[in-house]
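Participant: Give me a model of this one.
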Amino acid sequence: MHNTPVIEIQKLWTQFGQVVVHQDLDLVVRQGDIVSLVGGSGSGKTTLLRQVLGLQRPSRGSVKVFGEDINGADRSALQRVRHRWGMLFQHGALFSALTVFENVALPMRELRTLPEDLIRAAVLLKLDMVGITPQDALKMPSDLSGGMVKRVALARALALEPELLFLDEPTAGLDPDLSESFVSLISTLHREMRLTVVMVTHDLDTLFALSTQVAVLAEKRVIALGSPREVLELQHPFIQQFFLGERGRRALQALE
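Facilitator: Alright, predicted model coming up:
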């Protein structure tokens, strides 16, 4: 299961004018893994995520998802690949004018192939999976707590039964109890839906609790890819500062 590459990035360069963000960056994400992307400010984590999603073209190099060249694919091929992944944005990015139900139904309705009764059943199932009741389905996003927004956004990301899930700072803005329950939910869904997950996070508790692999961005490339324990053993200034400061030691102690 873990041997099949889902994402393959080779010799990727990202350049804005004279500023080089990525240089000969390589990264492979394998099926079933939860890979956390970490790096300092300006290391290009979000830019890399956008390039994998096909929202931004690298200056050179290749990005393949499910074997499809994202930059070379025609519109129909790219659309087929996009139906195989889901995206949870940092602040949920729910449509404020749509109810909870309509937000989750939107990706299904865009397919234009599903009857409305099937969409209704599927939406309620996805909401139930993330702990949202049918009564809450009628609410507007403005009536939801921060934790509920995250859960609804996760239900929408899972609407089309994706194989690959992208998470951008999934626990940002949540208090410790809500953060812990959301991490537990992601872990359960990863196992039950056999998802591959790529996550950008600064939260070390979330990283240690979920990650099977950690990809460290520094020096314009991925300087380390391995289990959290393997990465911690590397002698590199950024790794020592990021993981082994006071926050990192607390997170490690909690894990143990």
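Participant: same for the helix or strand hosting residue 231, what does it pack against?
Facilitator: Using DSSP states H and E, residue 231 maps to helix 228-232. Counting contacts by 3 or more C-beta pairs under 8 Å, 6 or more residues apart in numbering; DSSP states H and E, helix 228-232 packs against strand 213-218, strand 221-226, helix 237-243. Bear in mind the C-beta positions are built from the backbone N, C-alpha and C, glycine included.
Participant: Least confident of the ones you listed, on average?
Facilitator: For the helices and strands packed on helix 228-232, mean pLDDT drops lowest on helix 237-243, to a mean of 84.
Participant: outside of it, which residues touch it?
Facilitator: With contact meaning C-beta atoms under 8 Å, 6 or more residues apart in numbering, helix 237-243 is reached by 38-40, 204, 216, 218, 223-224, 231-232, 248.
Participant: Could you do stretch 139-149 as well?
Facilitator: 91-92, 94-96, 98-100, 103, 132, 136, 152, 173-174, 178, 181-182.
Participant: Do you have the strands of the stretch 151-256 of the chain handy? List them.
Facilitator: Per DSSP state E, counting those that start in this stretch, the stretch 151-256 of the chain carries strands over the ranges 164-168, 196-200, 213-218, 221-226.
Participant: Enumerate the positions of the last one that are buried.
Facilitator: Meaning strand 221-226. By 16 or more other C-beta atoms under 10 Å, the buried positions in strand 221-226 come out as 221-225.
Participant: any chance of those residues in TSV, plus distance to residue 47?
Facilitator: As requested, those are arranged in TSV below (distance: C-beta to C-beta, whole Å):
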residue	distance to residue 47
221	13
222	13
223	17
224	19
225	18
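Participant: what's the closest of those residues to residue 50?
Facilitator: For the buried residues of strand 221-226, the residue nearest residue 50 by C-beta to C-beta is residue 222; the value is 16.4 Å.
Participant: Give me the distance between that closest one and residue 205.
Facilitator: To residue 205, residue 222 is 23 Å away according to C-beta to C-beta, to the nearest Å.
Participant: again with residue 96
Facilitator: On the measure of C-beta to C-beta, residue 96 and residue 205 end up 30 Å apart.
Participant: Looking at the two, which one has more neighbours?
Facilitator: Neighbours were counted for residue 96 and for residue 205 using other C-beta atoms under 10 Å; residue 205 has more, 19 against 9.
Participant: how close does that one sit to residue 25?
Facilitator: 27 Å.
Participant: Repeat that for residue 178.
Facilitator: Counting by C-beta to C-beta, the gap from residue 178 to residue 25 is 34 Å.
Participant: what about the closest residue in space to residue 218 that isn't next to it in sequence, how many neighbours?
Facilitator: Nearest non-adjacent residue to residue 218, counting by C-beta to C-beta, 6 or more residues apart in numbering: residue 238, 4.6 Å away. As a burial measure, residue 238 scores 18 neighbours (other C-beta under 10 Å).
Participant: Same question for residue 57.
Facilitator: There are 12 residues near residue 57, going by other C-beta under 10 Å.
Participant: rewinding a little: give me whichever of the strands of the stretch 151-256 of the chain is most buried.
Facilitator: strand 196-200 (a mean of 24; mean count of other C-beta atoms under 10 Å).
Participant: partners of that strand in the sheet?
Facilitator: In its sheet, strand 196-200 lies beside strand 34-39 (parallel), strand 164-168 (parallel), with partners assigned from DSSP bridges.
Participant: okay, the ones you listed in JSON lines with mean pLDDT and distance to residue 67 next?
Facilitator: Listed next are the strands paired with strand 196-200 as JSON lines, based on pLDDT from 0 to 100; distance: least, C-beta to C-beta, whole Å:
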{"stretch": "strand 34-39", "mean pLDDT": "94", "distance to residue 67": "18"}
{"stretch": "strand 164-168", "mean pLDDT": "94", "distance to residue 67": "12"}
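Participant: Can you check which of the ones you listed gets nearest to residue 190?
Facilitator: So among these, strand 34-39 is nearest, using C-beta to C-beta, at 6.2 Å.
Participant: Name the next helix or strand downstream of the closest one, please.
Facilitator: Heading C-terminal from strand 34-39 (DSSP H and E), you reach helix 45-52.
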